[in-house]
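Q: I would like to see how this sequence folds:
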Amino acid sequence: MSTGKKVLAFDAGGGSTRVLKIVFDGSRISIETIARYGNGPINAGKSLYWDILGIWRDLKEGLRKAFISDKDIASLGIDTWGNDFVLLDKKGYMIENPYCYRDSRTTGLVEEVNRKIGSMELYSRNGIQHVRMNTMYQLYHLAKDRPYIFEVSDKLLFIPDLLAYYLTGEKYNEYTLASISQLYSYEKNGWDYELMDMLGIPGKLFSPIVMPGTVIGNITRTLCDETGILPVRLTAVGAHDTASAVAAIPTTEKHPLYISSGTWSLVGTETDRPVISEEAYKFNCANEGGVNGKIRLLKNVMGLWILQEIQRRLALKGMEYTFAELTDLAASAEPFAAVIDPDDELFYEPNDMSESVRSYCIRTGQKPPEDTGSIVRTVLESLAFKYRYVIEGLERITGCRYDSIHIVGGGSQNRLLNTFIANCCVRDVYAGPSEATALGNGLVQLISLGEISDYNQARSIINRSFPPEITQPSDTGRWNDEYRKFLSITGLK
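A: Sure, this is the predicted structure:
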């Protein structure tokens, strides 16, 4: 085994895109941010889009910076958020800018598709959570409202697939992204073309599915000449950012319980095979493909998106707060003043979240919080309550008892939220690493390169390199009482 192997991870999230260098010395891993750029959905006319050309520009610039400082790079991997895509015509030209999954055009389509196919029938085909962000609903909207787009469309590429195509000229669909699209069948071990036919979605759009760890090819000579970068190999990783984050959980537990905490909170565990049961269907769990041959059985919770929108709206009014400052305000606010269901439709699309929190409280007969600290505390406490609700549901579905919670991703740095989670869920919380997504991206590359033998070894290396911060529960009696109130007010069962 060689030492000092270096790989690059391009990690694109809802708030930023980054190029990071991951170095493995044979025992430990280190990580360095090479470049960071802003990102976010953009309103234009009636729609909400992603600036895909800006993302492509930033990827090229970030790679240029990486190779200026270090030419000894073995591989590159790309991960982003899931479900969104670009359509290409027969000559490989992009037909239109990609929509953001939060765009309003999919409102009501979950219910419409359920009436058309049957919700349990749909779930039995793919085991995916019925949420309007899914690729299937976005394509169904096109089939209904703009079918002429399909007449000139040749291929669908998810966002990482598109960036890989621009880098290498290769067209494919990566497995972890395919698995969350709601158009992948575990039974068929591939695309569900019959379901596509039912919804008027052309099967010709979809490419061969490649697994994490597959070597795609090298960056083209033309792009290298343009940018000054080197023709490094591109390796398919867990292109869905949550799949990469889960790969870097610092534990060798067989079925770890985790929260991948960021713009979204993905609360889940790993199973050996899909759990497509009536109970999983009723709880609306997702069975998503993992990088390690496992299934990520999870449920989406709105996550820190609400706080990000609060921060953004305050900035528009000239009040600039860091997340740490908002958390400090919450720590000083009165506890348990009000609750929200973070997954209420009110909080899905970009809006004035402070007003949305107040509106929810008024609608549910609560006194609405007035100041920023109280609003933020309401959101954080409600997230902890919702996490417990999901964890208890997962325990019913799997028949397992989870004694600890692993929190990875940027949200793992919020110690107040970690304390709330430990107290509410009555479990030890192991927080970190905060850069789990980029690290998981790098782990897949290192395994593909033969530097790490398997994912058990990879997770042991992460634990050694980034020891988690442990928070133990306290004041659990009060939190138990307030949790029962949360269930009553929100109507959750």
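Q: mind listing what the strand or helix carrying residue 18 pairs with, with the direction of each?
A: Per DSSP states H and E, residue 18 falls inside strand 16-24. Here strand 16-24 is paired, per DSSP bridges, with strand 5-12 (antiparallel), strand 29-38 (antiparallel).
Q: Tell me how many other residues surround residue 185.
A: Number of residues near residue 185 (other C-beta atoms under 10 Å) recorded here: 16. C-beta here means a position set from N, CA and C on the backbone, and glycine is covered the same way.
Q: Also the one 10 residues further on?
A: The number of residues packed near residue 195 is 21, by other C-beta under 10 Å.
Q: contacting residues around it?
A: Contacts for residue 195 were tallied using C-beta atoms under 8 Å, 6 or more residues apart in numbering; they are 117, 122, 125-126, 136, 183, 185.
Q: Among those residues, which lie within helices?
A: With DSSP state H as the criterion, helices contain 117, 122, 125-126, 136 from among the contacts of residue 195.
Q: Could I get the pLDDT score of the closest residue to residue 153 other than its chain neighbours?
A: In space, and not counting its chain neighbours, residue 153 is closest to residue 87: 4.3 Å by C-beta to C-beta, 6 or more residues apart in numbering. With respect to pLDDT, residue 87 scores 98.
Q: Which of the ones in helices among the contacts of residue 195 sits closest to residue 78?
A: Comparing the ones in helices among the contacts of residue 195 against residue 78 with C-beta to C-beta places residue 136 closest, at 22.8 Å.
Q: Look up how far residue 33 lies from the residue nearest to residue 153.
A: To residue 33, residue 87 is 32 Å away according to C-beta to C-beta, to the nearest Å.
Q: Looking at the two, which is more packed in?
A: Neighbour count, other C-beta under 10 Å: between residue 87 and residue 33, residue 87 has more, with 21 against 13.
Q: The closest residue to residue 128 other than its chain neighbours: what's it in contact with?
A: Spatial nearest neighbour of residue 128, chain neighbours left out: residue 182 (4.5 Å); criterion: C-beta to C-beta, 6+ apart. For residue 182, the contact set (C-beta under 8 Å, 6+ apart) comprises 122, 126, 128, 134-137.
Q: go with 6 Å
A: Residue 182 is in contact with 126, 128, 134, 136, counting by C-beta atoms under 6 Å, 6 or more residues apart in numbering.
Q: cool, residue 435 as well?
A: Contacts for residue 435 (C-beta under 6 Å, 6+ apart) come out as residue 31.
Q: okay, the strands paired with strand 16-24, which one's buried deepest?
A: Neighbour counts (mean count of other C-beta atoms under 10 Å) averaged over each of the strands paired with strand 16-24 peak at strand 5-12, with a mean of 25.
Q: Tell me where the stretch 101-250 of the chain has strands.
A: 155-158, 173-174, 184-185, 190-191, 209-210, 215-218, 233-235 (DSSP state E, counting those that start in this stretch).
Q: between these, which gets nearest to residue 70?
A: Closest of the strands of the stretch 101-250 of the chain to residue 70 is strand 233-235, at 15.9 Å (criterion: C-beta to C-beta).
Q: could you give me the average pLDDT of the closest one?
A: Mean pLDDT, computed over strand 233-235, is 98.
Q: Name the nearest residue to residue 30, ignoring sequence neighbours.
A: With sequence-adjacent residues excluded and distances taken as C-beta to C-beta, 6+ apart, residue 30 is closest to residue 23, at 4.9 Å.
Q: That should have said residue 276, apologies.
A: residue 127 (4.1 Å).
Q: Burial check on the one you found, number of neighbours?
A: Using other C-beta under 10 Å, the number of residues around residue 127 comes to 25.
Q: residue contacts, it?
A: Under the criterion of C-beta under 6 Å, 6+ apart, the neighbours of residue 127 are 274, 276, 287.
Q: quick revisit: which of the strands paired with strand 16-24 sits closest to residue 427?
A: Taking C-beta to C-beta, strand 29-38 is the member of the strands paired with strand 16-24 nearest to residue 427, at 26.9 Å.
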